[in-house]
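S.K.: no FASTA, just this:
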């Protein structure tokens, strides 16, 4: 009998601008521990108890960095491919975390074998790297990437994986050990047959790890479930040059030729890195966060052209935009917005080529010996909250302007695309589109 596994990808992004002088400098480990509170009310079996293994494969540093850069470039292109699949079926706002999907699919490389493993590797665009590194090194690359990013003291990125296991379902010891080593995976036993109690335990844990942002994710559960995986990513960044809330005004945002909405529009006059793509007819601007991260905003010249822009998105195109950017003084108007979206990704991942994982032919023989195991569903919920909070002193720093020079004006008052990158390894954390800033 086929056993169902339910995968949940949970992504939370909060662009939180904390006032200077108030937030103390907290060591990375303490920040992580403060954010990821442990749930003392949940019973966790001793042999499955979460532990953090910081061991890394020993290899030449130059090769490691080369491989990491290649790894993130390949997974970024997977993210763009996945985004296009979602965008094709949604007319309104979109927000996803490619890194979260990549994390869970990479974790399943440890469980998968044969054609199931090959399909995951190919869809994540890692088949070229697979020739240069061994089977376990691909998950190890993901661990190295997350460890490198989370070392940054100036923004908070927390990534983790929760596994809720039916109490009588046995996982292979090798999978338990490797998933802890490479993904810091935390295992908690529940009884899906008692779905009321299981739902409470699962929702309570997700709520704690997203700091109360997602309180009641599951309204119901399938009592046939054996394993439920939740991958969560939380990013909190502070603008390097914040907007001043005194200048935020209600203005018109043009959704299309026939419809517009009134939104709080942030404003600042500042030096901005930007470029104009003559071929795709769009303006691209870069808004930096403290720490090596930034938001890339792509504004089409004409309303509605964001759909054709999405067809061209690749890691190579993004790098060409960044390489052609010039710094200039501009007046920029940018809407405050908050998006919250939830997607079922089974059909999307199947369309990209991960097919066996969702059928009775799935080969997850490295996961368990208990019969055929297939994945029931993949769900992602992502949230983004962008505002202008900050201090006037920071907003004004580094600004220079020549007398009588009128700065160019960039008005983000029509649908646009956005991407959030960590810069050291060019990691695509989130990507989305804003069609209507007033719609969640």
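M.R.: That came through, no problem. Values in this document were obtained by computation on a predicted structure and should not be read as measured data.

S.K.: Can you show me the helices along the protein?
M.R.: 28-35, 61-88, 98-111, 114-123, 127-130, 137-150, 173-183, 195-209, 306-310, 315-323, 346-352, 392-396 (DSSP state H).

S.K.: export those helices to a markdown table and tack on mean neighbour count, distance to residue 386 and mean pLDDT?
M.R.: Backbone N, C-alpha and C define where each C-beta goes, glycine included. Shown next, in a markdown table, are the helices of the chain (neighbours: other C-beta atoms under 10 Å; distance: least, C-beta to C-beta, whole Å; pLDDT from 0 to 100):
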| stretch | mean neighbour count | distance to residue 386 | mean pLDDT |
| --- | --- | --- | --- |
| helix 28-35 | 13 | 20 | 42 |
| helix 61-88 | 19 | 18 | 79 |
| helix 98-111 | 25 | 18 | 85 |
| helix 114-123 | 19 | 30 | 90 |
| helix 127-130 | 14 | 34 | 65 |
| helix 137-150 | 20 | 20 | 81 |
| helix 173-183 | 18 | 29 | 88 |
| helix 195-209 | 18 | 22 | 85 |
| helix 306-310 | 17 | 17 | 89 |
| helix 315-323 | 15 | 20 | 92 |
| helix 346-352 | 18 | 25 | 90 |
| helix 392-396 | 15 | 16 | 21 |
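
S.K.: export the ones you listed to TSV and tack on distance to residue 264?
M.R.: What follows is these, written out as TSV (distance: least, C-beta to C-beta, whole Å):
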stretch	distance to residue 264
helix 28-35	28
helix 61-88	26
helix 98-111	29
helix 114-123	39
helix 127-130	44
helix 137-150	31
helix 173-183	39
helix 195-209	29
helix 306-310	21
helix 315-323	27
helix 346-352	33
helix 392-396	17
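
S.K.: Low-confidence regions, the protein specifically.
M.R.: 1-66, 128-136, 213, 215, 372, 388-407, 440 (pLDDT under 70).

S.K.: Go ahead and flag the most central residue of it.
M.R.: Against the mean C-alpha coordinate of the chain, by C-alpha atoms, centre = their mean, the closest residue is residue 97 at 2.8 Å.

S.K.: Where does the record place the domain boundaries for this protein?
M.R.: Domain assignment for the chain, taken from automatic domain parsing, gives 3-237+339-384, 245-336+391-434.

S.K.: My guess is the residue nearest to the centre of the chain contacts residue 430. True?
M.R.: Yes: here residue 97 reaches residue 430: they are 5.2 Å apart, a contact under C-beta atoms under 8 Å.

S.K.: What segments of the stretch 201-350 of the chain are strands?
M.R.: Residue ranges of the strands in the stretch 201-350 of the chain, as given by DSSP state E, counting those that start in this stretch, are 225-236, 249-254, 260-277, 282-289, 293-300, 326-335, 337-344.

S.K.: got the buried residues for the second one?
M.R.: Right, the one you point to is strand 249-254. Neighbour-count burial for strand 249-254 flags 251, 253 (criterion: 16 or more other C-beta atoms under 10 Å).

S.K.: follow-up on the earlier one: make a markdown table out of the strands of the stretch 201-350 of the chain and add distance to residue 434.
M.R.: Listed next are these as a markdown table, based on distance: least, C-beta to C-beta, whole Å:
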| stretch | distance to residue 434 |
| --- | --- |
| strand 225-236 | 17 |
| strand 249-254 | 9 |
| strand 260-277 | 10 |
| strand 282-289 | 14 |
| strand 293-300 | 9 |
| strand 326-335 | 7 |
| strand 337-344 | 5 |
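
S.K.: highest average neighbour count across these?
M.R.: Most buried of the strands of the stretch 201-350 of the chain, by mean neighbour count (mean count of other C-beta atoms under 10 Å): strand 225-236, with a mean of 23.

S.K.: gap between that one and the chain center?
M.R.: Averaging C-alpha positions (C-alpha atoms, centre = their mean, to the nearest Å) puts strand 225-236 12 Å from its chain's average.

S.K.: And stretch 231-238, by the same measure?
M.R.: From the chain centre to the centre of stretch 231-238 is a distance of 8 Å (C-alpha atoms, centre = their mean).

S.K.: again with stretch 151-171
M.R.: For stretch 151-171, the distance to the chain centre is 14 Å (C-alpha atoms, centre = their mean).

S.K.: Which residues belonging to that stretch are considered buried?
M.R.: Buried, per 16+ other C-beta under 10 Å, within stretch 151-171: 152, 155-166, 169, 171.

S.K.: List just the nearest of those to residue 411.
M.R.: Closest approach between these and residue 411, by C-beta to C-beta: residue 155, at 27.4 Å.

S.K.: was I right about that closest one contacting residue 239?
M.R.: No: look at residue 155 against residue 239 with C-beta under 8 Å: they stay out of range, at 10.6 Å.

S.K.: Show me whatever sits in contact with both of those two.
M.R.: Counting by C-beta atoms under 8 Å, 6 or more residues apart in numbering, the residues touching both residue 155 and residue 239 are 289, 290.

S.K.: OK, contacts around residue 103?
M.R.: 9, 142, 146, 159, 161, 183, 231, 233.

S.K.: Just send those residues back as a markdown table, with distance to residue 125 too.
M.R.: Output for those, formatted as a markdown table (distance: C-beta to C-beta, whole Å):
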| residue | distance to residue 125 |
| --- | --- |
| 9 | 18 |
| 142 | 13 |
| 146 | 18 |
| 159 | 20 |
| 161 | 21 |
| 183 | 20 |
| 231 | 19 |
| 233 | 20 |
